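Student: let's see this in three dimensions:
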Amino acid sequence: MNSGQRPELLCMGEALVEFVRQDKPDGPECYKQGFGGDTSNTAIAAARQGCSTGYISAVGDDPFGQALLELWHRENVDTSRVELNKTAPTGIYFVDPDPQQRNFTYYRSGSAASLITPDSLDSDYIAGARILHISGISLAISKTARDSVKEAMSIARTNGVKISLDTNLRLKLWSLEEAQFHIDDAMKSVDIALPSYDDATELTGLADRDAIIDYYLDLGPSIVALKLGSEGCRLAFDGERFDVPAVPADAVDSTGAGDTFAGAFLARYIKSGDPLYAARHACAAASIAVSGFGAVDPIPDEKATIARLEIDAVGDEL
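Tutor: Numbering: from 1, shown residues only. Below is the predicted model:
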């Protein structure tokens, strides 16, 4: 993407270099290098769906940071507002693949992204977007990063830019009490809430799906898509609720599936303005993402996602 253009979707947070354990029963344990980071995954997912996308973050001036910049360039994600920090490192994490849950080990303390500050933000860049997307991790990695996210949200609200929030609860980064306070506080300024059911039960203390949706609607969002993993999602907007089923998949690794859902949902919502179609599209994209290993490699493009939707529709008719 040309950096002179203003992306429709801006994502803000931390990207990481990823190492995924490979099964080799007869040899030494080894890892495949890839890329991750929830909001980076979302930006890439949206870009592959044809949405103009930009990223607000920082990386270290190291081989991992350069690799991330090259990744975003290949994926048409605008990096004109990604800082290059000469003294702090790029974060990394290790993945033990699992089709149903997260098994991550992080090395991200003191990373370049955690040192981002509000005075580094470009107000005009944010004001030119249609949606600003953040996550619980964006709020959790440090106080300065949290202050920066809140400032970006304030700029977005002032300029009529919608805000999307994926809860992405990581209790290795902060306490549950801190997460509850700051995520709820952010939700008061959010238009689109994309919580996962597992996160939401911990953050709200509720188990009933509609009660969780009510909880978030009462905080302020006008659209809530409660992600239900292999069951799809429950979507609420304009006083109505819809159960959007998952598209059947041979799941091998759930890493990045929720981020793929978010990117596909936001890209399709920007294009169509229809949350229900966006949710169906997002469920199809997520079903492809869980069929491969790692966060980025399995993320589908628009053509593959539409094909999966069409195959599923034909199956429903048989």
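Student: C-alpha only now, for contacts and for neighbours.
Tutor: OK.
Student: would you state the helices of this structure in chain order?
Tutor: Secondary structure of the chain (DSSP state H): helices at 38-48, 63-74, 123-127, 136-140, 143-158, 176-187, 197-204, 209-219, 257-272, 275-289, 302-317.
Student: right, and these - which one's nearest Gly54?
Tutor: helix 38-48 (7.0 Å; CA to CA).
Student: gap between Ala295 and Ile212?
Tutor: Distance of Ala295 to Ile212, computed by CA to CA, to the nearest Å: 27 Å.
Student: higher neighbour count, those two?
Tutor: Each of Ala295 and Ile212 has its neighbours counted (other CA atoms under 10 Å); Ala295 has more, 28 against 21.
Student: who touches that one in this structure?
Tutor: Residues near Ala295 by CA atoms under 8 Å, 6 or more residues apart in numbering: Gly34, Phe35, Gly36, Asn41, Thr255, Gly256, Ala257, Ala289.
Student: any chance of those residues in JSON lines, plus distance to Leu9, neighbour count and pLDDT?
Tutor: Output for these, formatted as JSON lines (distance: CA to CA, whole Å; neighbours: other CA atoms under 10 Å; pLDDT from 0 to 100):
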{"residue": "Gly34", "distance to Leu9": "23", "neighbour count": "21", "pLDDT": "88"}
{"residue": "Phe35", "distance to Leu9": "20", "neighbour count": "22", "pLDDT": "89"}
{"residue": "Gly36", "distance to Leu9": "18", "neighbour count": "26", "pLDDT": "88"}
{"residue": "Asn41", "distance to Leu9": "13", "neighbour count": "27", "pLDDT": "96"}
{"residue": "Thr255", "distance to Leu9": "22", "neighbour count": "29", "pLDDT": "80"}
{"residue": "Gly256", "distance to Leu9": "18", "neighbour count": "28", "pLDDT": "86"}
{"residue": "Ala257", "distance to Leu9": "19", "neighbour count": "28", "pLDDT": "93"}
{"residue": "Ala289", "distance to Leu9": "21", "neighbour count": "30", "pLDDT": "94"}
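Student: in JSON lines: those residues, plus distance to Arg81.
Tutor: Below are the contacts of Ala295 laid out as JSON lines (distance: CA to CA, whole Å):
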{"residue": "Gly34", "distance to Arg81": "22"}
{"residue": "Phe35", "distance to Arg81": "19"}
{"residue": "Gly36", "distance to Arg81": "18"}
{"residue": "Asn41", "distance to Arg81": "17"}
{"residue": "Thr255", "distance to Arg81": "26"}
{"residue": "Gly256", "distance to Arg81": "23"}
{"residue": "Ala257", "distance to Arg81": "26"}
{"residue": "Ala289", "distance to Arg81": "27"}
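Student: might you list the low-confidence residue ranges for the stretch 101-250 of the chain?
Tutor: Counting by pLDDT under 70, the stretch 101-250 of the chain contains low-confidence ranges at 101-102.
Student: now that Glu29 has come up, it's in contact with Phe19, right?
Tutor: No: Glu29 is beyond contact range of Phe19, at 11.8 Å (criterion: CA atoms under 8 Å).
Student: so the two - more neighbours on which side?
Tutor: Phe19 (21 against 10).
Student: tell me the contacts of the more buried one?
Tutor: Tyr31, Lys32, Gln33, Gly34, Phe35, Ile92, Tyr93, Phe94, Val95.
Student: quick check: buried residues in stretch 267-274?
Tutor: Residues Ala267, Arg268, Tyr269, Ile270 are the ones in stretch 267-274 that count as buried (16 or more other CA atoms under 10 Å).
Student: ugh, wrong one, I meant stretch 118-125
Tutor: For stretch 118-125, by 16+ other CA under 10 Å, it's Leu121, Tyr125.
Student: how about stretch 30-48?
Tutor: Residues 34-48 are the ones in stretch 30-48 that count as buried (16+ other CA under 10 Å).
Student: thinking again about what came up before, tabulate the helices of the chain in JSON lines, adding columns for distance to Leu228.
Tutor: Listed next are the helices of the chain as JSON lines, based on distance: least, CA to CA, whole Å:
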{"stretch": "helix 38-48", "distance to Leu228": "17"}
{"stretch": "helix 63-74", "distance to Leu228": "29"}
{"stretch": "helix 123-127", "distance to Leu228": "31"}
{"stretch": "helix 136-140", "distance to Leu228": "18"}
{"stretch": "helix 143-158", "distance to Leu228": "27"}
{"stretch": "helix 176-187", "distance to Leu228": "19"}
{"stretch": "helix 197-204", "distance to Leu228": "6"}
{"stretch": "helix 209-219", "distance to Leu228": "9"}
{"stretch": "helix 257-272", "distance to Leu228": "10"}
{"stretch": "helix 275-289", "distance to Leu228": "10"}
{"stretch": "helix 302-317", "distance to Leu228": "18"}
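Student: around Ser109, count how many other residues there are.
Tutor: Considering only other CA under 10 Å, Ser109 is surrounded by 16 other residues.
Student: quick one, what contacts the closest residue to it other than its chain neighbours?
Tutor: Ranked by CA to CA, 6 or more residues apart in numbering and with sequence neighbours excluded, the top spatial neighbour of Ser109 is Gly91, at 7.5 Å. Counting by CA under 8 Å, 6+ apart, Gly91 makes contact with Ala15, Leu16, Val17, Tyr106, Tyr107, Arg108, Ser109, Ser111, Ala112.
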